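Colleague: sequence below, structure please.
(4 chains)
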2 protein chains.
Amino acid sequence: MPHTYEYPRPSVTVDACIFTMHGDDLAVLLIKRKGQPFKGHWALPGGFVEKNEALEKAAARELAEETGLTGVAFEQLAAFGDPGRDPRGHTVSIVFFTFIHAEAAIVHAGDDAAEAAWHPLRTLPLDAAPRAGAHRLAFDHARILTLARHRLQERLRDPSRESSFQLVPQHFTLTELQRVYEAVLGHAIDKRNFRARFLGRGIVEPVAAQRTGKHRPAQLYRWTVPKRRARARAN
Amino acid sequence: MPHTYEYPRPSVTVDACIFTMHGDDLAVLLIKRKGQPFKGHWALPGGFVEKNEALEKAAARELAEETGLTGVAFEQLAAFGDPGRDPRGHTVSIVFFTFIHAEAAIVHAGDDAAEAAWHPLRTLPLDAAPRAGAHRLAFDHARILTLARHRLQERLRDPSRESSFQLVPQHFTLTELQRVYEAVLGHAIDKRNFRARFLGRGIVEPVAAQRTGKHRPAQLYRWTVPKRRARARAN
DNA sequence: TCAAAAGTGTTGGCTGTACACCCATGG
DNA sequence: CCATGGGTGTACAGCCAACACTTTTGA
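Modeller: Predicted structure coming up:
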């Protein structure tokens, strides 16, 4: 069933950049492409926007189809539309990103993907000029991923900004939260400073439960109810 | 010359949200629409992306065609793609924004516009529910404009971030710069604090010239050469 | 001489960062 | 008893915000 327009139109696609923790590493969800172009290369989950489909819904649909992940709240990263970024022709992609905690991060390959898997960022060829012969990421997804990581870092650095990220499960220990911050920001954080920040400003509050494990049990916390911090600004 | 595709495609458009100073007000560049839909309504300059045209180039082209403004460096705001935002059918718009100083802000209506003019934001109906009968902005441009203003505010609030905005001409007085900040942020700023910030951190430096006027002459400044401030972060 | 804009310092509070030791548990 | 991770306080530096008066010029 062909569709005809008076003027040429770029294709419109969406891609999803989903981060999670993978051990102590920041990882991203990629699929192995089943078809051309870039067959066999790893790529961000994504695909074509359907008729009268909202962009974020399209991203959620493609993510579910290709990886089985559902119920994800996105933020928009940016649109990428350089001619030449897709060998099939002019394609504009709107990229969404988010972070989900590991418990929610169970995936499986869908119909359009040969494989779906989490990749620690430090194992991916994200340089501007990846070494020849290496299986680089499909399309311009290395560049997109680099930008997404920067945006994620900015969002965690700014405590006044609300985010829809699921950094941790509903109940969590402060060490777990700190691991997320360290993985995203890429450097160690002082434990006392970290805890003082979140406790002192009432961002998290303890719940009546502890996490037991091999060692000393850890207090569990949750986000403070409004989870919304106003920031006064007069000058 | 019709163009046929196997699957339906949304239209792809770009819009440009250009801010400047208008007296002591923050103003935005709008065009009065010549054709349907929203004929006679004010809208952001913009239009359809052409074959194999980069998004930012398309925005610059449409801006030049409709208002005569050229040489503008954009930042990307976001993509808007809700079905129903354009009565002609599913349309995805990628919006770019920037700020230019008043000297660069000379405009004239181009072919596709009945009129092009700067509108102080406080004169525009930007509420979610504009009063009935009022000539509201075309499409979802009121919402876009609101988001663009917030982003512009965020950018000025964060001194560690580099921007491509032309807030002031090459040489400027600190009062002129302060007027821009006050207009964008929407509140008065203390003069001593403002000057201490820019001078104390070496963001601006005096040049050997003064601006004369009706009153006491003012020292002229320019941005410090690299205009780039690193921000150390260890913890 | 007056109106209007330019210019100038100090203080307190908050936030970020550096830094070292004891505690509870399971093995 | 020891290895492992949980948990705690203080001190300095930088930035933001509050605050009032003098200077220079043209009219």
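
Colleague: can you count the residues close to residue A:171?
Modeller: Residue A:171 has 14 neighbouring residues, counting by other C-beta atoms under 10 Å in any protein chain shown. (C-beta placed from N, C-alpha, C; glycine too.)

Colleague: surely it is in contact with residue A:219?
Modeller: No: counting by C-beta atoms under 8 Å, residue A:219 is not a contact partner of residue A:171; they are 10.1 Å apart.

Colleague: list the buried residues of the least confident helix or strand in chain A by mean pLDDT.
Modeller: The least trusted helix or strand in chain A, going by mean pLDDT, DSSP states H and E, turns out to be strand A:113-120, with a mean of 93. Buried residues in strand A:113-120, counted by 16 or more other C-beta atoms under 10 Å in any protein chain shown: A:113, A:116-119.

Colleague: domains for chain A, by residue range?
Modeller: A:11-156, A:174-223 (automatic domain parsing).

Colleague: list just the one of these that sits closest to DNA strand D.
Modeller: Among those, the nearest to DNA strand D by C-beta to the nearest atom of the strand is domain A:174-223 (3.0 Å).

Colleague: let me see the ranges of the helices in chain A.
Modeller: A:55-67, A:141-157, A:174-185, A:191-200 (DSSP state H).

Colleague: now residue A:142: closest residue in space, sequence neighbours ignored.
Modeller: In space, and not counting its chain neighbours, residue A:142 is closest to residue A:126: 5.0 Å by C-beta to C-beta, 6 or more residues apart in numbering or on different chains.

Colleague: just the pLDDT for the one you found.
Modeller: Looking at residue A:126, its pLDDT stands at 88.

Colleague: tell me the contacts of it?
Modeller: Applying C-beta atoms under 8 Å, 6 or more residues apart in numbering or on different chains to residue A:126 gives the contacts A:137, A:142, A:145-146.

Colleague: okay, these in JSON lines with pLDDT and neighbour count next?
Modeller: Shown next, in JSON lines, are the contacts of residue A:126 (pLDDT from 0 to 100; neighbours: other C-beta atoms under 10 Å in any protein chain shown):
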{"residue": "A:137", "pLDDT": "96", "neighbour count": "23"}
{"residue": "A:142", "pLDDT": "97", "neighbour count": "18"}
{"residue": "A:145", "pLDDT": "98", "neighbour count": "24"}
{"residue": "A:146", "pLDDT": "98", "neighbour count": "15"}
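
Colleague: out of these, who's nearest chain B?
Modeller: residue A:146 (15.6 Å; C-beta to the nearest C-beta).

Colleague: next one: that closest one from residue A:7, what distance?
Modeller: Distance of residue A:146 to residue A:7, computed by C-beta to C-beta, to the nearest Å: 33 Å.

Colleague: bridged to residue A:14, which residues?
Modeller: residue A:47, residue A:94 (DSSP bridges).

Colleague: so it is in contact with residue A:49, correct?
Modeller: Yes: if you go by C-beta under 8 Å, residue A:14 and residue A:49 touch, sitting 5.9 Å apart.

Colleague: what is in contact with these two at once?
Modeller: A:55, A:58.

Colleague: comparing the two, which shows the higher neighbour count?
Modeller: Using other C-beta under 10 Å as the criterion, residue A:14 and residue A:49 rank with residue A:14 on top: 32 against 29.

Colleague: the least confident helix or strand of chain A pairs with which strands, and in what direction?
Modeller: Under the rule (DSSP bridges), strand A:113-120 has strand A:25-33 (antiparallel) as partners.

Colleague: buried stuff in the strand it pairs with?
Modeller: A:26-33.

Colleague: what's in contact with it?
Modeller: Against strand A:25-33 from outside (C-beta under 8 Å, 6+ apart): A:16-21, A:39-45, A:66-67, A:69, A:105, A:107, A:109-110, A:112-122, A:124, A:137-138, A:145, A:148-149, A:183-184, A:186.

Colleague: do stretch A:184-194 and DNA strand C meet?
Modeller: Yes: Stretch A:184-194 reaches DNA strand C (C-beta under 7 Å from any atom of the strand) through A:190-193.

Colleague: quick one: terminal-to-terminal distance for that stretch?
Modeller: 14 Å (C-alpha to C-alpha, to the nearest Å).

Colleague: list the buried residues for that stretch?
Modeller: A:184-185, A:189, A:194.

Colleague: widest-spaced pair of those?
Modeller: Pairwise distances across these (C-beta to C-beta) peak at 13.0 Å, for the pair A:184 and A:194.

Colleague: quick one: residue A:99 and residue A:164 touch, right?
Modeller: No: with contact defined as C-beta under 8 Å, residue A:99 does not count as touching residue A:164 (9.3 Å).

Colleague: so which of the two has more stuff around it?
Modeller: Neighbour totals were compared for residue A:99 and residue A:164, and residue A:99 leads with 26 against 11 (other C-beta under 10 Å).

Colleague: check what pLDDT that one gets.
Modeller: The per-residue pLDDT of residue A:99 was computed as 98.

Colleague: and it, what does it touch?
Modeller: A:18-20, A:152, A:165-167, A:180, A:184.

Colleague: from residue B:33, how far off is the closest residue to residue A:156 other than its chain neighbours?
Modeller: Nearest residue to residue A:156 in three dimensions, chain neighbours excluded: residue A:184, at 5.3 Å (C-beta to C-beta, 6+ apart). According to C-beta to C-beta, residue A:184 and residue B:33 sit 44 Å apart.

Colleague: still on that earlier bit, may I ask which two of the buried residues of strand A:25-33 are separated the most?
Modeller: The span of these, defined through C-beta to C-beta, is set by A:26 and A:33 at 22.7 Å.

Colleague: for the nearest residue to residue A:176 once chain neighbours are set aside, the count of nearby residues, please.
Modeller: Leaving aside its chain neighbours, residue A:176 sits nearest to residue A:168 (5.6 Å; criterion: C-beta to C-beta, 6+ apart). As a burial measure, residue A:168 scores 22 neighbours (other C-beta under 10 Å).

Colleague: and stretch A:106-116, end to end?
Modeller: End-to-end for stretch A:106-116, by C-alpha to C-alpha: 10 Å.

Colleague: can you give the contact residues for that stretch?
Modeller: Under C-beta under 8 Å, 6+ apart, the answer for stretch A:106-116 is A:29-35, A:40, A:45, A:47, A:64-69, A:117-118.

Colleague: great, nothing more from me.
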